[in-house]
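A.B. asks: Need the 3D shape of this:
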Amino acid sequence: MNKILIVDASGSDVRVMSSLLSKAGYDPIGAESIEAGKVEAAKLPPGAVIVTVMRLSDGTARELIDWLKAEGYKFPVIAIVENLNGMDIAEVMRGGGAVDIIQRLALDKQLVETVEKYVQPENRTFSLGKHLIPRQSDEWREIERKIQTIAKSNANVIVFGASGTGKEQVALEIYRQSPRSQKPHIVVDAGGAGVIGKHDPSSERSETYNRIKSYFENADGGTIIVKNLHLLSFEKQSVLLHILEEEHPNVRVICTAEPYLRRMMAEQSFRPNLMYILREFEIVIPSLREVTEDIPVLANFFLKMYASHRNEPRKRLDASAVKALKQHLWVGNVRELKNVILQAAFNANDEIISESDISFNVNDPEFDDSLDLRNPKKEIALIQEAYRRGGNWKQAAKLLNITEKTLISLRKKYGIDSNGEIQS
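C.D. replies: Below you'll find the predicted structure:
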């Protein structure tokens, strides 16, 4: 496992990042100061990556980077920024400084993907890749049909789905099957859209406008894929709306977004008129727990990938392993399944993987994202689903990665009786 050093005084954020990195197959360690970071950096093995905040009480990310250079360490450093301040970013990245940046508000979307770019190739974790993985559920076959139909049009599309469902792969497949596939395509992460585009300081237009406009100029006749549309700031929404509505560029826009983007529109944190322009068509990818028949197919795909990478015979799942996989709630969806399967393949002593070889990551009690507590209806549905799959409340608590005491409190809170029904 690659070691990932996290230098951040915020204990809660370190726990968040550690949980995300552990689920992705990394081995995170934390340091609460620049000096502690130096001590831990000196212990890091080859292939490690350092993630650090810009400023701590005893120093800055730049000072840590300069120390690493002076000591001869060449670990890639990723800086966490509070906002996209051009001067801060230039300072931390100048002269071969930080290799990349992540916005703190987008840690859950950008951390793992960014770290994966900089681990050493021989220690790199398996990624989901850029192509669709064959699946057998009726829901997935309908998605494939929609891709073929929508790709032929020139309409803008939003691909909705929870984290880890494979939204970017679907977006890329729409592009590949479209008439615009012979023209350029640019992939932009909405959380960092202002960083990458070009800006002409002599221009009379705003920096945000110039940077976003440069994407459209570079993709003329082709496609722009906007990842994590829900992270687009209100200022960037306004600029994007102006470009699409007033300038009519010869560019198709395909976006990916988490389902709560619709709620953002209702709460007026996302512009409805921009949503209507971008959502001429939509594709909704179901969570993995909604299509459990796809789990064995996906698992076998990852086992084949693992065997090919290690040049050894492919391992197989027995009935107990398949049952355990189908009972799990898969908050991390396909990405989480991939990590669990690869760890199981590594742990298994023979060619058959059983339930005992499978380990599901359990979060610390202080940071539990397994229930995704965004609204009561969703929480109730997850509790009922866990009870249905587990068959009893003890097993339900295990599936939800919470204690039985916590589950009892939640049931009382929502009036869920012993049979999993809402009391009238």
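A.B. asks: Using the three-state scheme, assign V253.
C.D. replies: Look at V253: counting by DSSP: H, G, I helix; E, B strand; the rest coil, its state is strand.
A.B. asks: contacting residues around it?
C.D. replies: By CB atoms under 8 Å, 6 or more residues apart in numbering, the contact set of V253 is 156-157, 223-226, 244, 278. Every C-beta, even on glycine, is put in place using the N, C-alpha and C of the backbone.
A.B. asks: Torsion angles phi and psi at the closest residue to it other than its chain neighbours?
C.D. replies: Of all residues beyond its chain neighbours, the one nearest V253 is N156 (4.7 Å), with distances taken as CB to CB, 6 or more residues apart in numbering. Main-chain dihedrals, N156, degrees, to the nearest 10: phi -70, psi 150.
A.B. asks: would you list every one of the strands in this structure?
C.D. replies: 3-7, 27-31, 49-53, 55-56, 59-60, 77-81, 100-103, 157-160, 185-189, 223-227, 252-257, 281-284, 316-317, 352-353 (DSSP state E).
A.B. asks: Output these in CSV; the columns should cover mean pLDDT and distance to V16.
C.D. replies: Formatted as CSV, the strands of the chain follow (pLDDT from 0 to 100; distance: least, CB to CB, whole Å):
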stretch, mean pLDDT, distance to V16
strand 3-7, 94, 10
strand 27-31, 92, 11
strand 49-53, 94, 12
strand 55-56, 90, 17
strand 59-60, 91, 22
strand 77-81, 90, 11
strand 100-103, 86, 12
strand 157-160, 97, 24
strand 185-189, 90, 19
strand 223-227, 95, 20
strand 252-257, 97, 21
strand 281-284, 96, 27
strand 316-317, 96, 31
strand 352-353, 95, 30
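A.B. asks: Quick check: which of these is nearest to N419?
C.D. replies: Each of those has some distance to N419 by CB to CB; the shortest is strand 281-284, at 30.7 Å.
A.B. asks: so how far is that closest one off the chain centroid?
C.D. replies: Offset of strand 281-284 from its chain centre (CA atoms, centre = their mean, to the nearest Å): 19 Å.
A.B. asks: Can you give me the buried ones in that strand?
C.D. replies: 281-283 (16 or more other CB atoms under 10 Å).
A.B. asks: do the same with stretch 404-411
C.D. replies: Within stretch 404-411, the residues scored as buried using 16+ other CB under 10 Å are 407, 410-411.
A.B. asks: In helices, which of the residues you listed fall?
C.D. replies: Using DSSP state H, the subset of the buried residues of stretch 404-411 located in helices is 407, 410-411.
A.B. asks: Give me the distance between K3 and F75.
C.D. replies: 9 Å (CB to CB, to the nearest Å).
A.B. asks: nope, N347 is what I meant
C.D. replies: 28 Å.
A.B. asks: out of those two, which sits in the busier spot?
C.D. replies: Taking other CB atoms under 10 Å, N347 and F75 do not tie; F75 has more neighbours (20 against 12).
A.B. asks: what's the more buried one in contact with, if anything?
C.D. replies: 5, 41, 44, 48-50, 68.
A.B. asks: Redo the buried residues of strand 281-284 as JSON lines? Include distance to M17.
C.D. replies: Output for the buried residues of strand 281-284, formatted as JSON lines (distance: CB to CB, whole Å):
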{"residue": "F281", "distance to M17": "35"}
{"residue": "E282", "distance to M17": "31"}
{"residue": "I283", "distance to M17": "30"}
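A.B. asks: Tell me the one of the ones in helices among the buried residues of stretch 404-411 nearest V187?
C.D. replies: Nearest member of these to V187, counting by CB to CB, is L410, at 39.4 Å.
A.B. asks: So the closest one sits against I383, correct?
C.D. replies: Yes: L410 lies in contact with I383 (CB atoms under 8 Å); the separation is 6.1 Å.
A.B. asks: Mutual contacts of the two, please.
C.D. replies: Common contacts of L410 and I383, defined by CB under 8 Å, 6+ apart, comprise I416.
A.B. asks: quick one: common contacting residues for K3 and F75?
C.D. replies: When contacts are counted by CB under 8 Å, 6+ apart, K3 and F75 have 44, 48-49 as shared neighbours.
A.B. asks: Highest neighbour count among those residues?
C.D. replies: Most surrounded of those: other CB under 10 Å gives V49, at 27 neighbours.
A.B. asks: and that residue, what are its bridge partners?
C.D. replies: I4 (DSSP bridges).
A.B. asks: Name all residues that make contact with the residue nearest to the spatial centre of the chain.
C.D. replies: Central residue of the chain (CA atoms, centre = their mean): K109, 4.1 Å from the mean position. Contact analysis of K109 by CB under 8 Å, 6+ apart lists 163, 189, 191, 227-228, 231.
A.B. asks: what pLDDT does it get?
C.D. replies: Listed pLDDT for K109 reads 80.
A.B. asks: which residues of this structure score low on pLDDT?
C.D. replies: 1, 84-88, 121-127, 192-203, 361-375, 401, 424 (pLDDT under 70).
A.B. asks: Pop the domain breakdown of it in here.
C.D. replies: Per the record, the chain has its domains at 3-123, 138-286, 289-357, 376-414, by automatic domain parsing.
A.B. asks: Distance to I422 added to these, as JSON lines?
C.D. replies: Below are the domains of the chain laid out as JSON lines (distance: least, CB to CB, whole Å):
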{"stretch": "domain 3-123", "distance to I422": "30"}
{"stretch": "domain 138-286", "distance to I422": "23"}
{"stretch": "domain 289-357", "distance to I422": "20"}
{"stretch": "domain 376-414", "distance to I422": "7"}
